[in-house]
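Asks: Pasting a predicted model and its sequence here:
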Amino acid sequence: MTTPPRDRRARARALAAVASAILLALTAPVALADEIPLAPGHRLVDAYTGAPATARPVPAEAPPQHPYLAPNGRSGMHADAAGSGTHPYPGPLGRDPEVSSEKIAALGGECATATFDAGGRLVTVCGTFSGFLLKLLDPRTLATLAEYRLPQRSSTVEAITRLDFEKIFKDTSGGAYFYLDHRDRVVLADSRQHVLRLAHRQRGDGSWEFTVEEDWDLTPLVPHDCVSWTNLYPSGVCDPVTSVMPDWQGRIWWVTRLGRIGTLDPATGALRAIRLDGEEIQNSFSVAEDGVSVVSDHALYSLRADADGTPLIQWRQTYDRGTGTKPGSVNQGSGTTPDLFGQNGARYVAITDNADDRMNVLVYRRGTDVAPADRLVCKVPVFGAGASTTDNSLISWGNSLVVENNYGYENPTSLTFGRSVVGGVTRVDVRPDGSGCDTVWESDVRSPSTVPKLSTANGLLYFYEKRPNALGVDAWYLTAVDFRTGARAWSRLTGTGPGYDNNWAPITIGPDGTAYVGVFNGIVAVRDGA
């Protein structure tokens, strides 16, 4: 029997009211400097293993400094325009490391991308069930200095009303991929398909605030019939904006989940866009002087803007996308943001594919004058048969790439009761003459879902690790690995329980040497003791 429209609307209103009440209860304000609670079992696991490391810098040509981004190391999730995942600051060496945390919300609250303003303050976006929060945090105490509430994502409303929380964990839109520009301003795309530019300043009384300097509406080019509390059953198309980044001329580029690639001229507000029909974009993208690199679930693209700002495809390279979405992947395609790298004049771009048996690291030559037969530098299979995927960007430094295995991670419920992923980390180097690539080392580190980072100042890679535990304890560790050898240096317990699961958030190394990790209930900081 068909439900009459009036009954359907009444039921929708009632469901929305109940969901709103639940939402208010789940997202009640949390006191400042409230630590994330430890789940039972933290006394049954090691608090620290290994030994302090000695700083051994790893010299190489750093990615070019983007003229419209904050200095390399503090501009966005992947640290710079090239997506290198490297920080010029010395991270913790493991000398009596101290751990602190800040709880952002009763449920949720994960602080994903973390950047730093010129004064060393944390600028981050934290996801709660009532919406994303743009926050300015004290780098030592993690106390909130300023906050700006962003609109709630449609995936959150869907999750609550349809009781399908997987929608949240596979949604990369809404502001998580923001960047800090050359004037310390946040630029992001919110869930309304608007691009915002926000500044922060200190008032006369010493308090801080965010202010919106610009609000650009993308909806003339982006379908926006999205689920909301007042539109629970939309009939049209909703295309969330995934990420934004500037090019070398100052245009703001943006990509959407359903394959739209566009530009915004911040001086005039002019919008231009193209559509990759039948393709999906769930990752961020990288920018160099020679173009913008975007990966969809079908192909890798190099683009530039025409005179009026219209994106033009310079070249397109398909890859093996496999036959389905693996556990540990958001969609059926590459899970990586492209890495732009190369030494001594070489220009490479690297991603991973989604091949069924073993995922491959793929390195291509970037030039527009490269013949199609010469574009591929190497294709290197990594990790075990039938158990390899990544949904995080590679680390690139010099001619080296580091990749982690996320196979088996879906959401914070995936690893409860002492479970872990198969794990694995591999370093692959492009040969100096560009004739191919070689596997340098392999590690058994189990980093389920983090965006790892390299401190070029001390030569340590940082992963967020969870190991299997026969007692069912869910213990999370910041683990440092020697970049040169792949040897585990040390691990420091950050906490126990799902509240400490990082759920795809990155590690970020601050100017003061602190390593920060966004976790399900907020943010964790690890720094060397006195």
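Replies: Received the coordinates, thanks.
Asks: now the helices: where do they sit in the chain?
Replies: 5-26, 154-162, 166-169 (DSSP state H).
Asks: so how many other residues sit close to Phe129?
Replies: Phe129 is flanked by 24 other residues according to other C-beta atoms under 10 Å. No exception for glycine: its C-beta is placed from N, CA and C like everyone else's.
Asks: Apologies, that question was intended for Arg56.
Replies: 12.
Asks: Could you tell me how many residues sit around the closest residue to it other than its chain neighbours?
Replies: Sequence neighbours aside, Gly459 is the residue nearest to Arg56 in space, at 4.1 Å (criterion: C-beta to C-beta, 6 or more residues apart in numbering). Under the neighbour criterion other C-beta under 10 Å, Gly459 is assigned a count of 24.
Asks: surely Gly459 meets Thr86?
Replies: No: judged on C-beta atoms under 8 Å, Gly459 makes no contact with Thr86 at a distance of 11.1 Å.
Asks: distance between the ends of stretch 135-150?
Replies: Terminal residues of stretch 135-150 are spaced 10 Å apart (C-alpha to C-alpha, to the nearest Å).
Asks: Please point out which parts of it sit buried.
Replies: Buried positions in stretch 135-150, judged by neighbour count with 16 or more other C-beta atoms under 10 Å: 135-139, 142, 144-146, 148, 150.
Asks: Quick check: of the residues you listed, which lies closest to Gly236?
Replies: Leu150 (22.5 Å; C-beta to C-beta).
Asks: Run through the bridge partners of the residue nearest to that closest one when sequence neighbours are not counted.
Replies: Excluding its sequence neighbours, the residue lying closest to Leu150 (C-beta to C-beta, 6+ apart) is Phe132, at 4.1 Å. Beta-bridge partners for Phe132, by DSSP bridges, are Gly127.
Asks: For Phe132, list the residues it contacts.
Replies: 125-126, 149-153, 174-176, 190-191 (C-beta atoms under 8 Å, 6 or more residues apart in numbering).
Asks: try it again with 10 Å
Replies: 112, 125-126, 148-153, 156, 173-176, 178, 188, 190-191 (C-beta atoms under 10 Å, 6 or more residues apart in numbering).
Asks: what does Val524 give?
Replies: Here Val524 is in contact with 35-36, 99-102, 111, 142, 464, 476, 478, 494-495, 499-500, 502, 505, 507, 515-518 (criterion: C-beta under 10 Å, 6+ apart).
Asks: Check these for burial and list the buried ones.
Replies: For the contacts of Val524, buried by 16+ other C-beta under 10 Å: 36, 100-102, 111, 142, 464, 476, 478, 494-495, 499-500, 502, 505, 507, 515-518.
Asks: Show me which residues of stretch 187-196 are buried.
Replies: Buried-residue list, stretch 187-196, by 16+ other C-beta under 10 Å: 187-196.
Asks: do stretch 359-367 as well
Replies: Result for stretch 359-367 [16+ other C-beta under 10 Å]: buried residues 359-366.
Asks: Just the CA trace of that stretch, in PDB.
Replies: C-alpha atoms of stretch 359-367 as PDB (Å, rounded to 0.1, in the frame of the first residue of the first chain):
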ATOM      1  CA  MET A 359      47.700  -2.000  -5.600                       C
ATOM      2  CA  ASN A 360      50.500  -0.300  -7.600                       C
ATOM      3  CA  VAL A 361      52.400   2.900  -7.100                       C
ATOM      4  CA  LEU A 362      52.400   4.700 -10.400                       C
ATOM      5  CA  VAL A 363      54.800   7.400 -11.400                       C
ATOM      6  CA  TYR A 364      54.300   9.500 -14.600                       C
ATOM      7  CA  ARG A 365      56.300  12.200 -16.400                       C
ATOM      8  CA  ARG A 366      54.400  15.500 -16.200                       C
ATOM      9  CA  GLY A 367      55.400  17.400 -19.300                       C
END
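Asks: As a check, name the ranges of all strands in the stretch 301-450 of the chain.
Replies: 311-318, 339-341, 348-352, 360-365, 376-381, 395-397, 400-404, 425-430, 437-443 (DSSP state E, counting those that start in this stretch).
Asks: quick one: Phe520 and Asp474 touch, right?
Replies: No: using C-beta atoms under 10 Å, Phe520 is not in contact with Asp474; the gap is 11.2 Å.
Asks: Any regions of this protein where pLDDT drops low?
Replies: 1-33 (pLDDT under 70).
Asks: and Arg304, bridged to which residues?
Replies: Applying DSSP bridges, one finds that Arg304 bridges with Leu312.
Asks: my read: Thr508 touches Phe116, true?
Replies: Yes: taking contacts as C-beta under 10 Å, Thr508 lies within contact range of Phe116: 8.2 Å.
Asks: hey, what's in contact with both of the two?
Replies: With C-beta under 10 Å, 6+ apart as the test, Thr508 and Phe116 both reach 73-74, 89, 122, 124, 516.
Asks: nearest to Thr219, of these?
Replies: Thr124 (26.7 Å).
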